[in-house]
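Engineer: Pasting a predicted model and its sequence here:
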Amino acid sequence: MNIPPEKPGQSPLRQEVFKGLAVLALLVLLMMWLAGTFIDKVQPGPPLPRPSPPPLQTHKVERRTFPLVVEQVGTLRSKDEAHVSSRVMAQVKEILVNEGDEVNVDRQGGLQQGILARLENRDVLARVHQAEEHVSAMHSALEMGRARRGAAEAQLSAARAARERSLSDYRRYSDLHRNQAATGQQLQHMKSQRDVAVAQAAAGAKELEAAEQELERLQAQLKQAEAALTEARVMLGYTAIRAPFSGRVVKKLVNVGDMVAPGQPMFIMESVSNPEIHAFVTESLVPGMKVGQEMTVRIDALDRTIAATLREIVPKSDPKTRTLLVKLSLAPDPSFVNGMFARIEIPRGEYEALVIPNRSVREIGQLQLVEVLDPDGQPQRRFVTLGKRCGDLVEVLSGLREGEPVIVP
């Protein structure tokens, strides 16, 4: 057989055709393979039985009764808070504490320790020295006055004794003169002695009276000098700014070199031994509250729930907010900081809620879900809305019904 020779220009065309047919055949085979033409198919028949579920630990959704609690916001405060100020006008010489320092007040021998700052006291100290010198001088003068009174008393006693002798002698000479046993000259002489003795006794009495008056005047002046000394010492004590009670320095309002005036606050102190919660409570909640009632306080910053006692209900309502101020006492705690945010829980009866164990809840992002067993015993995923946590249980607001079994891991 004779094959005609190829014409020029036909060989490349045939090659392209053959390539196209090969690609098409490959695509057809690939589609047939993807469609499962070359795989043995399972013959239709009845469905296989479902495997039995593995044993799971479950807990039924329960309905329980809980106390109804209304939260009110409050602030952690100190029962004892003081603005420590100066009683004299002076310059601040020294500051001994910083903000946040603990100050212990110890009373020993009638003097209160716990000095916060010292003021310039040179002028007051000079007044103290001057008053001390005045008191010393008055003591010396009083001793001299007492010596003068003693001398006057001795002189008066001697004058009175002489007067009694002269009176006795005069009476004796008078009797003798009547009996003509003494001359008139002798009687006149005894009379003169009597008059002199009486005059000396009277002068001694006046001298003693003057000495006693002088002594009383000196004693009065001594009391004035001692009062002035006491006042000067008190003023000197005012130059030492002392803490009124043991506590913490919350704020320092002055610096060294500042001039302070009487009544000007220098420090703010609070007692750490008497913490309280101050809260403004809605009027409708107050009738159910009683002084001495035990309540629960939540301090978010410390992540703690603390027992408190209702100490006081201020009997005055705010007309703008319709709230009353209540104060709750807490046990001392070094972690408390004045001004912390707190929540007080006020009981208002009871309510019912569905609960499940905390361990049965899974969280995916902001979603919360549980595994629930269906009637066939198979686990099903169920999204739920949860409420408050009560120990190991959590309230279910929606998504479950009472009695449904939930899986507990």
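Structural biologist: Thanks, I have it.

Engineer: From the chain's centroid, how far away is stretch 277-289?
Structural biologist: 22 Å (Cα atoms, centre = their mean, to the nearest Å).

Engineer: try stretch 294-306
Structural biologist: On the basis of Cα atoms, centre = their mean, stretch 294-306 sits 16 Å off its chain's mean C-alpha point.

Engineer: now stretch 168-187
Structural biologist: 98 Å.

Engineer: Now do that stretch, average pLDDT.
Structural biologist: Mean pLDDT, stretch 168-187: 80.

Engineer: Now the element after the helix or strand containing Met235, going C-ward?
Structural biologist: Applying DSSP states H and E as the criterion places Met235 in helix 184-238. Scanning forward in sequence from helix 184-238 by DSSP H and E, the next helix or strand is strand 240-242.

Engineer: buried set for the helix or strand following that next one?
Structural biologist: The first helix or strand that comes after strand 240-242 along the chain, using DSSP H and E, is strand 247-252. The neighbour-count check on strand 247-252 (16 or more other Cβ atoms under 10 Å) flags 247-250, 252 as buried. Every residue, glycine included, has its C-beta placed from N, CA and C.

Engineer: In CSV, list the C-alpha atoms belonging to strand 247-252.
Structural biologist: Output of strand 247-252 as CSV, limited to C-alpha atoms (Å, rounded to 0.1, in the frame of the first residue of the first chain):
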residue,chain,number,x,y,z
GLY,A,247,-4.4,55.3,112.1
ARG,A,248,-3.1,55.9,108.6
VAL,A,249,-2.1,59.2,107.0
VAL,A,250,-4.3,59.6,104.0
LYS,A,251,-3.1,63.0,102.7
LYS,A,252,-0.4,65.5,103.5
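
Engineer: Give the pairing partners of the next helix or strand after that strand; include direction for each.
Structural biologist: Per DSSP H and E, the first helix or strand lying C-terminal to strand 247-252 is strand 259-260. According to DSSP bridges, strand 259-260 forms sheet pairs with strand 90-95 (antiparallel).

Engineer: Next, the angle from the helix holding Met235 to strand 90-95.
Structural biologist: Interaxial angle, helix 184-238 versus strand 90-95 (axes from the mean of the first three to the mean of the last three Cα atoms, to 10 degrees): 60 degrees.

Engineer: Can you name every helix or strand that helix 184-238 contacts?
Structural biologist: Here helix 184-238 touches helix 122-178, going by 3 or more Cβ pairs under 8 Å, 6 or more residues apart in numbering; DSSP states H and E.

Engineer: ok now the helix it packs on, how far from the chain's centre?
Structural biologist: 64 Å.

Engineer: likewise stretch 267-275?
Structural biologist: 4 Å.

Engineer: 13 is where my numbering starts, stick with that
Structural biologist: All right, first residue 13 from here; so that's stretch 279-287.

Engineer: Name the residues of it that are buried.
Structural biologist: In stretch 279-287, counting by 16+ other Cβ under 10 Å, buried: 279-284, 286-287.
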